[in-house]
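S.K.: Sequence and predicted model, in that order:
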Amino acid sequence: MKVGVFWRKFRNVEQQMRLTPDKVYDDAYEEAYHHYSALKSAGYDACLLEWKKDPRETLENINKENIDIIFNASSLKEIAFLETFGIPYVGSGIDLVPLNKAQRKEIVAYNKLHTPKFVVANDVNNIPEINLNYPLFVKPINGRGSAGINEDNIIYKYEELPKVVRKITEHIGQKALIEEFIEGREITVGVIGYEKPLVLPIVEIEYNSAKTNTFEHKMYDNEIIHCPANFSKEEEKRIKDAALNIYGVLNGKDYSRIDMIVGKDGIPYFLEINTFAGLTMDSKKGEDGKIKVHHGYMGYAAKAAGMAAAEFIGNILESAIERYGLRDKDTRKLTS
């Protein structure tokens with residue numbers, strides 16, 4: 001069996017490039033190379049495959065390399081392509097990936113799990129009536145990598161709202177999700193697997209001179225990371241149970257990262273599930289001192305769980321192999 005590791009230029013910063021093209025860097029290849037190297041170290045036959053704008057080229061390369069399963073698919077277009085041609089892939093499917101943040105929150109709330117109340121604005125001239133508790137938080141409904149997020153996104157009075165809605169709807173080109181801003185501890189919880197998912201240690205994110213996790217704060221590794229986060233056993237169980245339930249009701253597959261805020265009431269509130277979560281286990285800088293690879297939050301959690309990259313990435317791949325029933329194929333023929 002052969003694993004193809006997708007990479008796509010600017011996959012993590014496409015949205016932010018519309019706002020601050022001079023402040024983004026492209027770590028797509030380096031990120032994919034991290035996964036490829038980890039799989040090779042684990043004994044898998046793997047190769048890197050660039051996602052092409054013309055999917056016919058991508059299909060030709062997949063067939064040429066005799067690929068059996070794809071790792072690192074990172075967009076709805078890629079998932080739809082793989083589904084269309086019946087190519088097995090790692091990660092969540094067409095039932096979850098196309099859903100926006102609001103739709104995911106609706107499913108979570110329907111299942112009586114906690115998430116901040118919200119409304120959606122189509123544009124600055126169509127902001128719904130706000131019957132929410134201030135402060136509010138506004139973000140792109142299909143956002144990624146904290147694109148378009150800075151401290152202005154925290155809204156303390158209605159007069160501040162239209163400017164941020166305009167930034168998101170006109171400059172990023174998405175609807176604006178407006179939700180209650182829950183004050184508390186920001187955490188994220190990685191989950192690996194499918195039928196018997198494993199919850200990784202909790203990551204808590206604190207900020208350096210910031211009130212929220214802005215694009216620059218996150219993508220330049222300026223956060224203060226605590227992993228495992230310092231919670232009591234009772235609190236840890238409550239958080240991990242919530243993450244596992246959310247992963248289940250949204251039908252996450254193989255791996256995902258669930259972002260939450262633990263409010264002052266002790267309740268973990270669901271913010272988002274990241275189906276294309278970052279998995280890198282280190283950050284790297286180039287000779288010019290500029291960052292080249294962003295450290296993934298799930299990478300912090302995997303290290304806290306005692307995993308090396310080969311075990312971490314390998315376990316995610318193994319989940320997909322098991323889910324597709326590919327176990328009878330020789331998945332580690334390089335070790336023989």
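M.R.: Sure, I can see it. Residues are numbered from 1 along each chain as shown.

S.K.: Show me where the stretch 1-150 of the chain has its helices.
M.R.: Assigned by DSSP state H, counting those that start in this stretch, the helices in the stretch 1-150 of the chain fall at 28-41, 55-64, 76-84, 101-110.

S.K.: same deal with the stretch 151-300 of the chain?
M.R.: For the stretch 151-300 of the chain, helices defined by DSSP H, counting those that start in this stretch occupy the ranges 161-166, 215-219, 233-249, 297-304.

S.K.: Now mean pLDDT, mean neighbour count and distance to Ala176 too, for these, in TSV please.
M.R.: (Glycine included, C-beta is placed from N, CA and C.) Converted to TSV, the helices of the stretch 151-300 of the chain look like this (pLDDT from 0 to 100; neighbours: other CB atoms under 10 Å; distance: least, CB to CB, whole Å):
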stretch	mean pLDDT	mean neighbour count	distance to Ala176
helix 161-166	93	18	5
helix 215-219	48	21	16
helix 233-249	98	17	23
helix 297-304	96	24	24
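
S.K.: Where does the record place the domain boundaries for the protein?
M.R.: Domain ranges of the chain: 2-90+326-335, 117-180, 184-310, per automatic domain parsing.

S.K.: quick one, which of those domains is nearest to Leu317?
M.R.: domain 2-90+326-335 (5.9 Å; CB to CB).

S.K.: for the protein, which spans come out with low pLDDT?
M.R.: Along the chain, segments meeting pLDDT under 70 span 11-26, 143-148, 208-222, 283-292, 328-336.

S.K.: tally of neighbours for Phe10?
M.R.: The number of residues packed near Phe10 is 14, by other CB atoms under 10 Å.

S.K.: That one contacts Ala28, doesn't it?
M.R.: Yes - with contacts counted by CB atoms under 8 Å, Phe10 reaches Ala28, the gap being 6.3 Å.

S.K.: In contact with Ile94, which residues?
M.R.: With CB atoms under 8 Å, 6 or more residues apart in numbering as the criterion, the residues that contact Ile94 are 79-80, 83.

S.K.: Could you rerun that using 6 Å?
M.R.: 79, 83 (CB atoms under 6 Å, 6 or more residues apart in numbering).

S.K.: how far away is Trp248 from Ala320?
M.R.: In this structure residue 248 is Gly, not Trp. Using CB to CB, to the nearest Å, we find Gly248 at a distance of 17 Å from Ala320.

S.K.: ugh, typo on my part, it should be Thr115
M.R.: Counting by CB to CB, the gap from Thr115 to Ala320 is 28 Å.

S.K.: again with Gly190
M.R.: Here Gly190 is placed at a distance of 16 Å from Ala320 (CB to CB).

S.K.: of these two, who's got more company?
M.R.: Taking neighbours as other CB under 10 Å, Gly190 and Ala320 compare with Gly190 leading, 31 against 22.

S.K.: Which positions in stretch 254-267 come out as buried?
M.R.: The neighbour-count check on stretch 254-267 (16 or more other CB atoms under 10 Å) flags 254-262 as buried.

S.K.: C-alpha coordinates for it, CSV please?
M.R.: Extracted as CSV, the C-alpha positions of stretch 254-267 are listed here (Å, rounded to 0.1, in the frame of the first residue of the first chain):
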residue,chain,number,x,y,z
ASP,A,254,-9.4,9.8,12.1
TYR,A,255,-8.4,13.2,13.7
SER,A,256,-9.8,16.6,14.5
ARG,A,257,-9.2,19.4,17.0
ILE,A,258,-12.1,20.8,19.0
ASP,A,259,-11.8,24.5,20.1
MET,A,260,-13.6,25.4,23.3
ILE,A,261,-13.7,28.1,26.0
VAL,A,262,-14.0,27.0,29.6
GLY,A,263,-16.3,29.7,31.0
LYS,A,264,-16.2,31.1,34.5
ASP,A,265,-19.1,28.7,35.3
GLY,A,266,-16.8,25.8,34.5
ILE,A,267,-18.7,24.8,31.4
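
S.K.: Perfect, I'm done here.
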